[in-house]
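In: I would like the atomic coordinates for the input below:
(2 chains)
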2 protein chains.
Amino acid sequence: MVPPAAQPGMRFAEIDTPALIVDLDAFERNLKRMADAAARAGVRLRPHAKTHKCSIIAQKQIALGAVGVCCQKVSEAEILVRDGIGDVLISNEVVGARKIERLVALAKQARIAVCVDDAGVARDLAAAAERADVTLSVLVEIDVGGNRCGVAPGAPALRLAQEIARSNALRFGGLQAYNGSAQHKRTLAERQAAIAQVAAQTRETVALLAQNGLRCETIGGAGTGTFELEAAGGVINELQAGSYVFMDVDYGRNKKADGGPFDTFENALFVLATVMSRPDDTRAVVDAGHKTLPIDSGMPEPYRRPGIHYGRPSDEHGVLTTDGPPLPHLGERILLVPAHCDPTVNLHDWLIGVRGLHGTSPVVETVWPVSARGAVF
Amino acid sequence: MVPPAAQPGMRFAEIDTPALIVDLDAFERNLKRMADAAARAGVRLRPHAKTHKCSIIAQKQIALGAVGVCCQKVSEAEILVRDGIGDVLISNEVVGARKIERLVALAKQARIAVCVDDAGVARDLAAAAERADVTLSVLVEIDVGGNRCGVAPGAPALRLAQEIARSNALRFGGLQAYNGSAQHKRTLAERQAAIAQVAAQTRETVALLAQNGLRCETIGGAGTGTFELEAAGGVINELQAGSYVFMDVDYGRNKKADGGPFDTFENALFVLATVMSRPDDTRAVVDAGHKTLPIDSGMPEPYRRPGIHYGRPSDEHGVLTTDGPPLPHLGERILLVPAHCDPTVNLHDWLIGVRGLHGTSPVVETVWPVSARGAVF
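Out: Below you'll find the model as predicted:
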């Protein structure tokens, strides 16, 4: 593993680039805002660790009242449990003999839950759990508009829940009702419409399950774009938002009720880049490209540099251009807001925590490993 | 660091997914084809390690006759030198005091060269090299149509070369004349036009330097898309191609003279993914998304599965759809050809080398660390 680009105690100016920077002040405010919002709404918070892949951040979230964390992969859960996280939901399907063996082994060490959307997989989980002599908690994932994984709400969900409940080695834990495609609908009205559907379909399924004697201890879902709607909706009882800790350009494009940008959370994640070539007056080439800043959700944006744009990324370069203001000079360092925080963090081995980032003497306070970086299986 | 998804000796079917797979047979043929092409053309080969970031692969390239490797970052060079590579060109500008300190420290341990496109940076390099008591080899990067870094060919290149030659601590090593934007021009005619410009501007600059008593030991450039043109052109004397070891979807879209696909090299890199959800007949969800397969150059493609397409990627998922043939079933494993090999490799910690991948009993022969993964600074 490559060593970090900075050490605690260094001045901000001493950080080598490109480096992934956490504005600790904004980050801590973001954590607290979400914890407070969940507490006010009377719902549990189980933040998504897929965003940060960092056991230290997971511990901070739990210290502020989160009941545990979610993740998407068994390998992520293995690292979180190794690092002392005692309650992990894999908010995703786990398929295949080797993965299921690892999953049930993990359930010996911590409180583990997993999602299913297939009866055959539920039987595989039951058989492995029985062999390992553990009881595995299982949520039925319902497709509430994301059109990705999940069984249909209503009768198909009931049939799968009954299959789970019949097994001695599985415990029916409730429903997973997440609509990823709702998170980046730009207007509040669009998000409201999408989440109204989530709520209606989930409520109906919960009722059908109850009529059949099946209680949902957990009804999980919600992301950073919609958590306020789900928190207020009275159906979802566990919020799984992740991106709120860092924010990104893409979430910043969401609009609030008044049409203003979604600013409930602050940009707390940046890539610090250096201008390493200034061939002429039309461009400043920075040292951060695809291997530092993914573009699956568009281009990163220079932070508080109106009129300066990042574009033409290649593997190790990006090109800054201007609408008018002077371009940064050779050697100048610039903060870029990632377009999409999750895959950005997954490129980096270290999070450089800076205190007073936008003040007069920012300092590196801490360096956290991205513990589950590359944990994709 | 996450452990590998397989161990040597395992059968292919035992590899956990998603995993980055190297078809060792195709990979070895690719290595040999490029080595032979360079030898036939009488030019040196200095493959680009930015593609594979793997010291073991660099050693294999050198064993087949490469004079050394290139990389883009000081941190990559540090890892390559640590692992025994004795000759490394950083085919990129290095700016900033800390980076330059590390660069000259490295030049004490191995034959190191670097590119410059600015006289001030050349002076910084000279001062640091003098302090460290090393002689650093420096190439002048000229912009031959890529519109990224580099000084203009001709007089500006001469002025910078003279600045370098005046320094006791720097050695003028020649020219870097790479046009990245030429690599993926789709028709041979377009690539020929672009490389004709590279050749003309480079030849002119070499002549001007010679008239002023400056000899170019190295005239480096070329990529996988254009190396045959540069090798035949009589100007470039060091080929810097990288992607040829693996190939990808994007290079496969290039056309040869006869209009057929660019198949000089074989697809040797794959992401092995598993169908982990089959909600209905219209889609098969696989366990590989943005964190496994970047989409900066478009979508990855299922290998030898005509009519099956990968799309709608999210962080940990991709959705297979069909034009007609049956979709893979739940639990089925599928090989995906990455759209762009370099940033794909940079997501993974391990390359799983498989022998006989497309035969009847493929087996994991080796597992190589992506030694310089995440080495971006």
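
In: CA only for contacts and neighbour counts going forward, please
Out: OK.

In: For the stretch 51-200 of chain A, which residues are neighbours of chain B?
Out: A:72, A:75, A:93-96, A:98-99, A:117-118, A:148-151 (C-alpha under 8 Å from any C-alpha of the partner chain).

In: Mind giving me the ChimeraX select for the residues you listed, buried ones only?
Out: Per 16 or more other C-alpha atoms under 10 Å in any protein chain shown, the buried members of those correspond to this ChimeraX selection:
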select /A:72,75,93,94,95,96,99,117,118,148,149,150,151
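
In: Need the worst-confidence member of the residues of the stretch 51-200 of chain A next to chain B.
Out: pLDDT across those is lowest for residue A:98, at 93.

In: show me the contacts for residue A:272.
Out: Applying C-alpha atoms under 8 Å, 6 or more residues apart in numbering or on different chains to residue A:272 gives the contacts A:17-21, A:333-336.

In: Tell me the buried residues in the helix or strand harbouring it?
Out: Per DSSP states H and E: residue A:272 is located in strand A:269-280. Within strand A:269-280, the residues that count as buried by 16+ other C-alpha under 10 Å are A:269-279.

In: contacts with chain B among the contacts of residue A:272, please.
Out: Restricting those to those near chain B by C-alpha under 8 Å from any C-alpha leaves A:17-19.

In: Reformat those residues as JSON lines; add pLDDT and neighbour count.
Out: Formatted as JSON lines, the ones next to chain B among the contacts of residue A:272 follow (pLDDT from 0 to 100; neighbours: other C-alpha atoms under 10 Å in any protein chain shown):
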{"residue": "A:17", "pLDDT": "98", "neighbour count": "24"}
{"residue": "A:18", "pLDDT": "98", "neighbour count": "26"}
{"residue": "A:19", "pLDDT": "98", "neighbour count": "25"}
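
In: From those residues, pick the one nearest residue A:310.
Out: residue A:18 (14.5 Å; C-alpha to C-alpha).

In: isn't the closest one right next to residue A:291, touching?
Out: No - contact between residue A:18 and residue A:291 fails when scored by C-alpha atoms under 8 Å: they sit 10.0 Å apart.

In: which residues are common contacts for the two?
Out: residue B:376.

In: And the helices in the stretch 251-377 of chain A?
Out: Using DSSP state H, counting those that start in this stretch, the helices of the stretch 251-377 of chain A run over A:341-345.

In: near chain B, which residues of it?
Out: Within reach of chain B by C-alpha under 8 Å from any C-alpha, the stretch 251-377 of chain A has these residues: A:276-279, A:285, A:288, A:290-292, A:294-296, A:315-316, A:319, A:331, A:342-343, A:346-349, A:371-377.

In: Under the pLDDT cut-off, which ranges of the stretch 251-377 of chain A? List them.
Out: Of all residues in the stretch 251-377 of chain A, none has pLDDT under 70.

In: so where do the strands sit in it?
Out: A:269-280, A:283-286, A:301-302, A:308-311, A:318-322, A:333-337, A:350-355, A:363-369 (DSSP state E, counting those that start in this stretch).

In: Please compute how far stretch A:179-191 lies from its chain's middle.
Out: 16 Å (C-alpha atoms, centre = their mean, to the nearest Å).

In: what's across from the residue lying farthest from the centre of chain A in the sheet?
Out: Using C-alpha atoms, centre = their mean, the residue of chain A lying farthest from its centre is residue A:280. It sits 39.6 Å away. Beta bridges link residue A:280 to residue A:283, judged by DSSP bridges.

In: same check, this time on residue A:311
Out: The partner residues for residue A:311, given DSSP bridges, come to residue A:319.

In: residue contacts, residue A:314?
Out: A:289-290.

In: quick one, domains of chain A?
Out: A:12-20+A:263-369, A:25-247 (automatic domain parsing).

In: sorry, back to before: how close does the residue farthest from the centre of chain A get to residue B:149?
Out: 10 Å (C-alpha to C-alpha, to the nearest Å).

In: if you skip the residues just before and after it, what's nearest to residue A:365?
Out: residue A:8 (5.0 Å; C-alpha to C-alpha, 6 or more residues apart in numbering or on different chains).

In: Let me know the pLDDT of that neighbour.
Out: So, for residue A:8, pLDDT stands at 98.

In: SS state for it?
Out: coil (DSSP: H, G, I helix; E, B strand; the rest coil).

In: right, and it touches residue A:366 too?
Out: Yes - shown here, residue A:8 and residue A:366 form a contact pair, counting by C-alpha under 8 Å, at 5.0 Å.

In: Which of those two has more residues huddled nearby?
Out: The residue with more neighbours, out of residue A:8 and residue A:366, is residue A:366; 17 against 13, by other C-alpha atoms under 10 Å in any protein chain shown.

In: mind listing what that one touches?
Out: Counting by C-alpha under 8 Å, 6+ apart, residue A:366 has contacts A:7-9, A:352-354.

In: Compare the residues you listed and tell me which is most surrounded.
Out: Result: residue A:352 is most packed of the contacts of residue A:366 (other C-alpha under 10 Å), 28 neighbours.

In: Show me the beta-bridge partners of it.
Out: residue A:21, residue A:367.

In: which one of the contacts of residue A:272 is nearest residue A:358?
Out: residue A:335 (10.6 Å).
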